[in-house]
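*Asks:* Sequence and predicted structure below; questions after.
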Amino acid sequence: MATSGHQLSYHINVDTSDVESLQRGSRIFVNYCMGCHSASYMRYNRLGQDLGISEETLKANFMFGTDKPGNTMEIAMKSADALKFFGVAPPDLSVVARSRGADWLYTYFMTFYRDPSRPFGVNNLQFKDVAMPHVLWELQGFQKLVYKTVTHEDGTEMEVIESLEQESEGKMSPDEYKNTVYDLVNFLVYLAEPAKFKRQKIGIWVIVYLLSLLVLAYMLKQEYWKDVR
């Protein structure tokens with residue numbers, strides 16, 4: 001009997017105009033991700049300006065040690081140490097949402113499951129044999145794989161992954177955890193293209209300006225050519 005891969009996937013509609021969601025996502029990122037992952041293309045003061053976070057709050061809750069508001073979101077752990085700990089250096093997450101996509105990230109955070117054969121005791125359906133531990137396990141709890149047997153026309157049977165089942169509870173309910181992951185992914189999407197945050201607002205005014213200019217140009221054309229037969 002063979003074993004096949006999974007068909008589990010999640011879709012997410014992010015909204016980078018939801019500042020409160022981005023604020024919550026930034027808090028999750030700093031508390032759970034920045035121990036290993038940097039965001040070297042983002043500066044603390046830019047984050048504060050975009051998300052309405054005061055400099056005092058940044059210093060108290062986002063920045064570490066001797067960090068200053070103008071610094072980028074780097075981490076203290078060196079790549080050489082990360083290789084010893086994890087076997088691979090954790091990637092910078094500045095543009096991970098652009099390279100992977102929001103749906104991929106959301107599915108990734110939702111599909112960790114217990115796997116005693118792995119160094120950290122967990123695996124991931126979206127990223128097989130991932131080197132990263134499940135850093136949000138306290139919030140979600142642990143899941144286990146549920147299989148089903150599929151019989152093909154030739155009579156051969158194959159076990160496929162049907163779903164993930166809650167094995168132990170976390171601090172959050174399943175819905176609360178989904179909302180937390182949404183906020184985190186929403187923040188990562190913002191992080192990958194922070195200029196989009198303001199570009200969309202500016203774009204609306206540009207369109208209004210162009211439409212107004214079109215109306216004026218049409219009226220001028222009508223006035224100019226009204227006596228021409």
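*Replies:* Arrived safely.

*Asks:* the strands in the chain, which residues?
*Replies:* Applying DSSP state E to the chain gives strands spanning 2-6, 39-43, 72-73, 112-114, 122-124, 141-151, 157-169.

*Asks:* Ranked by average pLDDT, which of those strands falls at the bottom?
*Replies:* Mean pLDDT is lowest for strand 2-6 out of those, coming in at a mean of 52.

*Asks:* returning to what we had before: pipe the strands of the chain into CSV and attach mean neighbour count and distance to residue 201 per row.
*Replies:* Any C-beta I mention is one placed from the backbone N, CA and C, and that applies to glycine too. Output for the strands of the chain, formatted as CSV (neighbours: other CB atoms under 10 Å; distance: least, CB to CB, whole Å):
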stretch, mean neighbour count, distance to residue 201
strand 2-6, 11, 40
strand 39-43, 18, 19
strand 72-73, 20, 24
strand 112-114, 20, 36
strand 122-124, 19, 36
strand 141-151, 14, 39
strand 157-169, 13, 39
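
*Asks:* Make CSV out of those and add distance to residue 27.
*Replies:* Formatted as CSV, the strands of the chain follow (distance: least, CB to CB, whole Å):
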stretch, distance to residue 27
strand 2-6, 31
strand 39-43, 14
strand 72-73, 13
strand 112-114, 20
strand 122-124, 23
strand 141-151, 20
strand 157-169, 22
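
*Asks:* Which one of those lies nearest to residue 22?
*Replies:* Residue 22 sits nearest to strand 39-43 of all those, at 12.1 Å, using CB to CB.

*Asks:* Can you tell me what sits against that closest one?
*Replies:* 29, 69-74, 92-95, 191, 194 (CB atoms under 8 Å, 6 or more residues apart in numbering).

*Asks:* hmm, back to that, go through the strands of the chain and name the closest to residue 184.
*Replies:* Nearest to residue 184 among the strands of the chain is strand 39-43; the distance by CB to CB comes to 12.6 Å.

*Asks:* if we can go back for a sec, out of the contacts of strand 39-43, which is most surrounded?
*Replies:* Within these, neighbour counts (other CB atoms under 10 Å) peak at residue 73, which reaches 26 neighbours.

*Asks:* Contacts only, for that residue.
*Replies:* 34, 38, 39, 40, 42, 43, 44, 47.

*Asks:* count of neighbours near the first one?
*Replies:* The one in question is residue 34. Neighbours of residue 34 (other CB under 10 Å): 18.
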